[in-house]
Structure formats: structure tokens, C-alpha cells
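Q: Sequence and predicted model, in that order:
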Amino acid sequence: MGLNAFVPTWKTHGLVKSNSLERHHTGKLVSAQRPTRQRHVVSAPLMKAAEQRVLVLGGTGRVGTETIKALARITPVPLSISVAGRDRSKGHRICRMLTTSNQNERTDLPPVDYHFKSVDITDESALIKLIKAHDVVIHTAGPFQRSKNPTGVLEAAMQANVPYMDICDDLIHAKECKKLHEVALSKGYTALISTGIYPGLSNLMAVEAASLMGTEPVKSLKIYYHTAGTGGIGATVLASTFLILSEHATCFDTHGREQKLPPAGNPEVIDFGGKLGKVTTYLLNLPEVVSLHENVFNGSPGTEIFAKFSTGPPIWNWLLQMMARRTPKSWLANRPAMLAFSKFSLPVVRAVDLLSGALTAMKIVAEGPTSSIIYSFEHDSLAECVGEATASFAVELVKKRLEGGQKGLAPGINYPEELSPDIRKHIIKNASRSANLFESTRYSSGRNWE
């Protein structure tokens, strides 16, 4: 596609063929420029639904705030959103900003109002009391790596019997939450873990890519990510990355055997297309590798799976490699130290972000014996697309509560790929509305997709 970008309109379906290559898309091709956000069309019955109370933990952070903005754009029902955090003055300032934005942009959408709630998520009794006053809780208060009590917020939500979701990007944290699956099942309780952009939307793209393979077995699932700088998010992303560098990357070889490989290793040049083009990617330890292996391929012994990441400018990749190789793992794994170091580095990080931008891209590759399916995504801002993706998952939790029954969201502690096909498609549709590029491509055997 070169510098052509895909803007989903979700009105038409087409198939473009070119010899051994097919592109599936649901919209139109336009020149590469930032697409205009499309307004969500809301049905009259949902417009009249009772106001739903949504609690966003970490709502004063960049990801939390972007999630709230996106939720206001796509909500099918009236909302009362609690912006929860520790900084009272910042919280009230954000609420005022969001309210002003509402008055300017949301004249034809369901009403949304905002309130700040001071919270310490380590105070169990206060947290349960706060959650009980809401209908849905969204946990965006990262970093999730090396948390002292990874299931604390989830367990509080379960005690309050309020549907929960998080944007966890840490394998250990996600595994601990998943251990509560049987307890949640017995109570008929629903939670979504590891939502957001990656993991989250990327998991759904991987499932769609595998399903498009039809009856052809998937021999490998390769996951590639890129974010320029910190994607405009800042210290939280930086701290998460440092903490992940303390862990060996879990992946599965061509025989489906689990491997633990050095972080920031196995460099591979990947062409993401769009504005980004070719960059070098490196292994990282990410939860979607394990969850997709277990939930999509049922622990199949014949599917290779790994995830690789890159950032920009290129010197950032070099610095991350040096940290992974030369810094003692005990120091990289020290959560307080990494948080402090990230905050200390923030002025430099912000300067780099101004120069590098916040471009984010994903490439998901499902390979079989005779063909491959490639899903590609690109967005100008990591913060914005994380917000849109997280809000897209949250809307499904809100709708489930209103409509009752399963509605594609089964009880239990569920990863994104465990959602029903219909729900997956709803989330993908909402989460890619403002993407520069979103497409699936089929390559036949013998054609180099790279």
C-alpha cells in the first residue's frame, strides 16, 4: 500500500486481488493522513437507558484520561464517570477539561458527567466501598509489573460484585488474575484482563488472522509492535519497559515447546508498511504469547509463537539492549527504583517524544503451509489508540450489564481472545476507528510477506 492508509467505515466489504496477494478491507483507501474520528451512532432505546456508573482507576494518568475521552465518544448509554487517582488537584483539573470538551463536542450523544474520586488501591476496605458505588471498574493504574498484590483490585471488584477489566501488560500479573477464573465462574462473575491495544486489540487481530486461515493449520503466529518514544504516555511506559527487560521472554518454538530467551534479543527487521516502514524488532516477555498459545491453539505442539517490539529513534533500541545486557536484573526488577528512574528521566523522554512523535504500529502474522494472513495496524498516537481500544472493551461490559445474559461475555476471568466472534468484531470496529491503517492481507506460499 505504500503511503496509502485505510480508514474503516464499516459499511462495505471488499476484496482486492493481485496475483498471490489478497487484501481484505471494509472501507476505502485514502492518502496517508490522520483520519477524522467518526461519531458513534446510538440507538434510541440505549439513549434512554439508565445512567451507568463507571470507575476508572488511574483516571488521572495519560492512559486513563484517554480511555475516558474515548468512552465518552463511543458510549451507547448515559455515563457517570469517576476519575480516580491520588492527585486531587490534577483530578479536578481533568474533570473540568473533560466537561468542557463535552460541551463542545457531544451535543448529539448520550450525556456523560465526570467526578473525581481520591483512592489508594492498596486500601482494601476503602477500595471495595468505592467500587460498590459503581457498575463497571476499569483498572488503568500501571505499571502492572512487579506489583505486590496483582489480584488486589480484581478481588475487591469480585467482592463488590462489579464487572472488572484491566489493561495489564505483564505476564505474571495476568497469570495470577487468571487463577481466579474458577472462583469467578462459580459466582457468575465476569472480568476481562489484558485489554487495551497490546495486549488487547492485538489478541483479537491474532484470533481473526488465525480464523481467516480456515482449515489450514497455523504453523506460526508472529507478533510485532512498534511505538515511537513512549507514545506520548511518558514515565509509566518507560517504567514498564525497564521492568519487562528484567524478565526472559517466554515464546514457543516450531514444535510448540516453551522457551525462555534473553530480553531484547533475536533482532528481526520487519516492514510495518504505512508511515513507519522497516524497523528492527526485539523479543520481549508479553502475556499475549502465553494466553494465545493456551486459548487459541489449546497448547498445540505445532505452533510457534513469539512477540517482538521496537521503539524509535533507533538509539532508544540500542539503549534498551544495553540495559538488558549490562544492567543487573535485580536492579531492573526493582519496581520503586524503576519508577523513580523513569520519573527522573522524564524531561529527556518528553524531549525525545516531541522529536519522535507517538506513532504506533502492529503487525500480526499467521503462517500456514501454503499461505499467510497478515493483520496490520497503525495510529499516530499510542495514548489515543490505547484509550480507544480500552474504551471499546469497556462498552461491551456496560452493554452486558444492561442487556443481561451471556451476550458473548461469559462468566469467568477472560482474556480478549476468549470473547465471542461477534463481540470481537464490535471491539475491533470501535478500536480502529481513527487508525491510519487497518487491513488484513493474504499471501500465498512462496511470496515473502516481509
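A: Everything's here; your move.
Q: got the contact list for residue 388?
A: Contacts of residue 388 were listed using CB atoms under 8 Å, 6 or more residues apart in numbering, and they are 66, 70, 74, 430, 431, 433, 434. The way it works is simple: take the backbone N, C-alpha and C, and place the C-beta from them, glycine included.
Q: just checking, the first one touches residue 379?
A: No - when contacts are counted by CB atoms under 8 Å, residue 66 is not listed as touching residue 379 (11.6 Å).
Q: Looking at these two, which one has more neighbours?
A: Using other CB atoms under 10 Å as the criterion, residue 66 and residue 379 rank with residue 379 on top: 29 against 24.
Q: Could you pull up the residues touching the more buried one?
A: Applying CB under 8 Å, 6+ apart, one finds that residue 379 lies in contact with 359, 360, 361, 385, 434, 435, 436.
Q: next one: residue 164
A: The neighbourhood of residue 164, defined by CB under 8 Å, 6+ apart, consists of 136, 137, 139, 153, 154, 157, 158, 191, 192.
Q: could you point out which element follows the helix or strand residue 153 falls within?
A: Taking DSSP states H and E as the criterion, the element that holds residue 153 is helix 152-160. Taking DSSP H and E as the definition, the helix or strand that follows helix 152-160 towards the C-terminus is strand 164-166.
Q: in its sheet, what does that next one sit against?
A: Strand partners for strand 164-166, identified by DSSP bridges, are recorded as strand 136-139 (parallel), strand 190-192 (parallel).
Q: what's the average pLDDT for it?
A: Model confidence over strand 164-166, given as mean pLDDT, is 98.
Q: Name the residues of the helix or strand just after it that come out as buried.
A: Toward the C-terminus, strand 164-166 is succeeded by helix 171-178 as the next helix or strand (DSSP H and E). By neighbour count, and taking 16 or more other CB atoms under 10 Å as the criterion, the buried residues in helix 171-178 are 171, 172, 173, 174, 176, 177, 178.
Q: likewise stretch 365-382?
A: Neighbour-count burial for stretch 365-382, counted by 16+ other CB under 10 Å, picks out 365-368, 371-382.
Q: Among the residues you listed, name the ones in helices.
A: Among the buried residues of stretch 365-382, the residues falling in helices (DSSP state H) are residue 382.
Q: ok, back up a step: in ChimeraX, select just the buried ones from the contacts of residue 164.
A: For the buried members of the contacts of residue 164, the matching ChimeraX selection, counting by 16+ other CB under 10 Å, is:
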select :136,137,139,153,154,157,158,191,192
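Q: Return the closest of the contacts of residue 164 with respect to residue 347.
A: Using CB to CB, residue 139 comes nearest to residue 347 of those, at 28.5 Å.
Q: now that closest one: how far from residue 54?
A: Residue 139 sits 12 Å away from residue 54, taking CB to CB, to the nearest Å as the criterion.
Q: could you point out which element follows the strand or helix carrying residue 69?
A: Assigned by DSSP H and E, residue 69 falls within helix 62-74. On the C-terminal side of helix 62-74, the nearest following helix or strand under DSSP H and E is strand 79-85.
Q: Just the buried positions in the helix or strand just after that next one, please.
A: The first helix or strand that comes after strand 79-85 along the chain, using DSSP H and E, is helix 88-105. Along helix 88-105, these residues count as buried under the neighbour rule (16+ other CB under 10 Å): 91, 94, 95, 98, 101, 102.
Q: Averaged pLDDT, helix 88-105. What do you get?
A: In this model, helix 88-105 has a mean pLDDT of 87.
Q: what do you get for stretch 173-190?
A: For stretch 173-190, the mean per-residue pLDDT is 96.
Q: Would you check how far apart residue 349 and residue 436 are?
A: To residue 436, residue 349 is 24 Å away according to CB to CB.
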